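**Student:** What shape does this take:
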Amino acid sequence: MNKLSLSFILLLFFIDNFAQSSEDERLAIQFFQLREYDKAEVLLQKQFDLKPTKFYDYLYKTYIQQRKYKEAIDVTRKMVKSNDKNIEYRYNLGLVYEKSRDTVLSKKEWQYINDKLKDNEYEVNNYLQRYIEARNWSMAEDLILKYQAKTKNKEAFFSHQLHVYTKQNKLDEAVQLAFSQLEKDQTSYLGSYASYDFLQTSHTAQRLMEKKVFSKISQEPNSNKWSELAIQMAMTVKDYDQALQLAKAYEKRTGGQGHQIYQIAEIAAAEQEHDLAIQGYDYLIKNSSADLSKLAQERKIMTFFSKVKKRRLRDSVHTGLLNLEFMNYIAQHGFTKNTADIQLAYAEFTVKYLKRMDNASNLLQKMLEIPMLPKRYVSRAKLDLADVKLAMNDIWEASLLYGQVDKDELDGPMGEEARYKNSKVFYFNGDYELAEDLLSILKSSTSELIANDALQLAVFIQENQGDEAKEMAMKDVSSAELLFYQNRPEEAIKTLNSLKKVFPNSSLIDDVILIEANYDRTVENDTSASRLYKFLYEKYPTSILADRALYEWAKMEEEIFNNPETAKEAYLNLLTKYKDSVFVTDARKRLRKLRGEKLEDES
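**Tutor:** Residues are numbered from 1 along each chain as shown. As a prediction, the model looks like this:
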């Protein structure tokens with residue numbers, strides 16, 4: 001064979017081997033990408049022997065995915081032996097040692113890396129992130145401390161260091177680190193404090209920080225910074241009493257305008273810490289400018305009223321004190337457009353707690369005489385006055401006022417409310433055609449609740465017209481409903497008992513039960529109201545009123561009787577059995593809140 005022929009044969013052999021090698025490389029990587037690690041392993045071992053640097057990473061990850069830690073250690077050791085200056089191999093070796101639970105050897109490899117990184121900030125950050133991802137907090141801490149020592153920069157990687165300390169529950173170190181930053185910060189310390197999440201979640205950390213901050217206040221009593229931080233700390237743990245006392249001292253020392261105290265009082269009021277909020281408002285009434293004093297007086301009254309309603313305080317002491325607050329305010333500030341909110345609240349209080357319809361009527365009529373009273377207050381006052389007139393049995397004056405608001409507000413919320421209430425007046429009076437005309441408009445109301453109520457009343461009227469016996473029963477029901485509204489319960493109950501006796505099998509019995517339950521709820525006869533709501537939805541599950549009864553019963557279990565588990569079950573029952581109910585949205589929110597789930601508007 002001549003030399004030319006031999007060279008040609010060798011060339012063909014080389015080309016064939018090269019092509020085969022390229023195909024094996026492609027298949028190895030393809031199997032790896034498809035996560036077919038058992039197939040990839042065979043080909044990658046072969047390629048690693050040929051080209052270790054190129055195929056090490058593929059083979060190492062393949063072993064890790066299959067939890068073949070011994071093989072991963074062996075292949076990584078080979079790479080370390082061939083290039084012991086490559087700290088990436090050292091990191092991988094440490095990682096696989098840790099996965100195989102050999103913490104001694106993993107620590108040895110990683111400490112080698114930490115010692116070698118010196119002052120390279122980019123590399124330090126790179127490996128710091130890796131330690132954090134691996135949840136190896138001690139190695140992350142070791143790296144940070146070594147870098148800080150090498151660079152003589154104690155503030156380097158501050159946020160990472162704080163995170164690593166809290167993850168290891170090293171609260172003393174975390175608090176000291178955060179405190180040292182607060183000491184240096186002279187401008188944005190409140191924002192910095194708010195960013196320390198661990199102080200919001202750990203009671204122990206919060207107390208440790210309190211000791212340091214109050215120690216600073218003792219050392220620097222005239223420092224605004226430490227006083228402001230102490231106030232914010234108290235607010236964080238919702239210790240409104242301490243926050244208020246600190247704020248008062250701060251305001252006196254600095255000659256402040258009272259805005260911080262007002263903010264604390266507002267937050268306390270929103271959290272239904274009524275008494276503490278009132279303390280704050282009282283301080284401002286005596287110690288702030290005329291404008292803020294008036295605002296504090298208004299907020300005190302509204303908070304007191306909220307307390308009375310929330311705690312259901314009908315005793316003469318509380319109602320007498322609140323009535324005196326209203327009277328003093330009106331005497332001091334008069335009937336003007338700037339006191340309209342208090343006037344409306346006073347009228348509501350007079351109706352619901354003093355039961356003085358004539359006084360409430362006079363208050364609202366006097367309010368309507370105020371020159372240039374904004375339209376929204378005029379409409380609200382007319383609506384409330386109409387309610388009072390209806391309670392006083394001045395039905396047509398009530399209807400006239402409802403009609404005026406309907407016309408003035410058109411399709412606004414108060415207009416729709418007035419239209420619905422006027423339809424009820426016609427219903428009470430037996431003018432069913434007029435009632436149906438208004439109700440037909442309200443079926444498309446923007447308020448889902450009003451639309452639902454309008455539909456139910458329209459269906460109720462339609463189902464009971466055209467039959468003399470049914471129409472008589474319907475008139476008894478409407479009369480009883482009006483009598484309850486007018487606080488004439490004996491007459492109402494007598495009317496309903498008569499109806500039950502004359503029409504024992506009437507289809508209106510579920511309506512009767514709901515009316516009785518609603519009245520009991522209004523006068524806080526809670527046990528009776530709860531029993532009736534529960535009876536209604538259990539006895540008449542297919543009634544158009546069943547979902548409302550179940551919803552009201554669930555709310556009472558949650559809010560009045562403090563039975564969260566029973567309430568959760570009831571709300572779930574509503575969501576399951578009455579999916580199209582108008583109450584589904586609120587029931588779902590309440591159920592999620594009881595379960596401790598975060599609502600969308602809280603995110």
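
**Student:** In the stretch 201-350 of the chain, mark out all the strands, start to finish.
**Tutor:** Assigned by DSSP state E, counting those that start in this stretch, the stretch 201-350 of the chain shows no strands.

**Student:** Which secondary structure state is assigned to the spatially closest residue to Gln181 that is not a sequence neighbour?
**Tutor:** Computed as C-beta to C-beta, 6 or more residues apart in numbering, the closest residue to Gln181 that is not its neighbour in sequence is Ser192, at 6.2 Å. For glycine as for every other residue, the C-beta is placed from the backbone atoms N, C-alpha and C. Under DSSP: H, G, I helix; E, B strand; the rest coil, Ser192 falls in the helix class.

**Student:** Leu244 versus Ser192, what's the distance?
**Tutor:** 24 Å (C-beta to C-beta, to the nearest Å).

**Student:** Settle it for me: which of these two has more neighbours?
**Tutor:** Leu244 (24 against 15; other C-beta atoms under 10 Å).

**Student:** In the chain, where is pLDDT below threshold?
**Tutor:** Within the chain, the ranges that satisfy pLDDT under 70 run 1-21, 599-603.

**Student:** Mind jotting down where the strands sit in it?
**Tutor:** Applying DSSP state E to the chain gives no strands.

**Student:** which residues touch Tyr262?
**Tutor:** Counting by C-beta atoms under 8 Å, 6 or more residues apart in numbering, Tyr262 touches 280, 284, 292, 295-296.

**Student:** Which residue comes closest to Ala234 once chain neighbours are left out?
**Tutor:** Ala243 (3.7 Å).

**Student:** Enumerate every residue touching the one you found.
**Tutor:** Listed by C-beta under 8 Å, 6+ apart, the contact set of Ala243 reads 231, 234-235, 264.

**Student:** List the ones among those residues that fall in helices.
**Tutor:** Taking DSSP state H, the ones among the contacts of Ala243 that sit in helices are 231, 234-235, 264.

**Student:** Hmm, Leu322 and Phe349 touching each other?
**Tutor:** Yes. At 6.6 Å, Phe349 counts as touching Leu322 under the criterion of C-beta atoms under 8 Å.

**Student:** Need the residues touching each of these two.
**Tutor:** With C-beta under 8 Å, 6+ apart as the test, Phe349 and Leu322 both reach 305, 308.

**Student:** The stretch 351-500 of the chain: helices as residue ranges?
**Tutor:** Secondary structure of the stretch 351-500 of the chain by DSSP state H, counting those that start in this stretch: the helices cover 357-368, 375-391, 395-409, 413-428, 432-442, 448-463, 468-485, 489-502.

**Student:** do you know which of those lies nearest Phe326?
**Tutor:** Of all these, helix 357-368 sits nearest to Phe326, with 9.5 Å by C-beta to C-beta.

**Student:** Need the contact partners of that closest one.
**Tutor:** 335, 340, 343-344, 346-348, 350-351, 373, 377-378, 381-382, 384-385, 388-389, 391-392.

**Student:** Please compute how far it lies from its chain's middle.
**Tutor:** Between the centre of helix 357-368 and the centre of its chain there are 39 Å (C-alpha atoms, centre = their mean, to the nearest Å).

**Student:** ok, and for it, which residues are buried?
**Tutor:** 357, 360-361, 363-364, 367 (16 or more other C-beta atoms under 10 Å).

**Student:** Switch those over to a markdown table; also include distance to Leu27.
**Tutor:** A markdown table is the format used below for the buried residues of helix 357-368 (distance: C-beta to C-beta, whole Å):
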| residue | distance to Leu27 |
| --- | --- |
| Met357 | 91 |
| Ala360 | 89 |
| Ser361 | 92 |
| Leu363 | 89 |
| Leu364 | 88 |
| Met367 | 87 |
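
**Student:** mind checking the backbone torsions on Asn393?
**Tutor:** Dihedral pair for Asn393: phi 70, psi 20, per degrees, to the nearest 10.

**Student:** measure it to Leu438 for me?
**Tutor:** Distance, Asn393 to Leu438, using C-beta to C-beta: 21 Å.

**Student:** thinking Leu536 is in contact with Asp510, fair?
**Tutor:** Yes. Contact status for Leu536 versus Asp510: in contact at 5.9 Å, counting by C-beta under 8 Å.

**Student:** Overlap of the contact sets of these two?
**Tutor:** 543, 545-546.

**Student:** I'd like to know which of the residues you listed is nearest to Asp411.
**Tutor:** The closest of the shared contacts of Leu536 and Asp510 to Asp411 turns out to be Leu545 (C-beta to C-beta; 27.4 Å).

**Student:** from memory Phe305 sits against Phe349, does it?
**Tutor:** Yes. Assessed by C-beta under 8 Å, Phe305 is found in contact with Phe349 at 6.2 Å.

**Student:** Quick check: neighbours shared by those two?
**Tutor:** With C-beta under 8 Å, 6+ apart as the test, Phe305 and Phe349 both reach Leu322.

**Student:** what about Glu417, how many neighbours?
**Tutor:** That count, for Glu417 with other C-beta under 10 Å as the rule, works out to 21.
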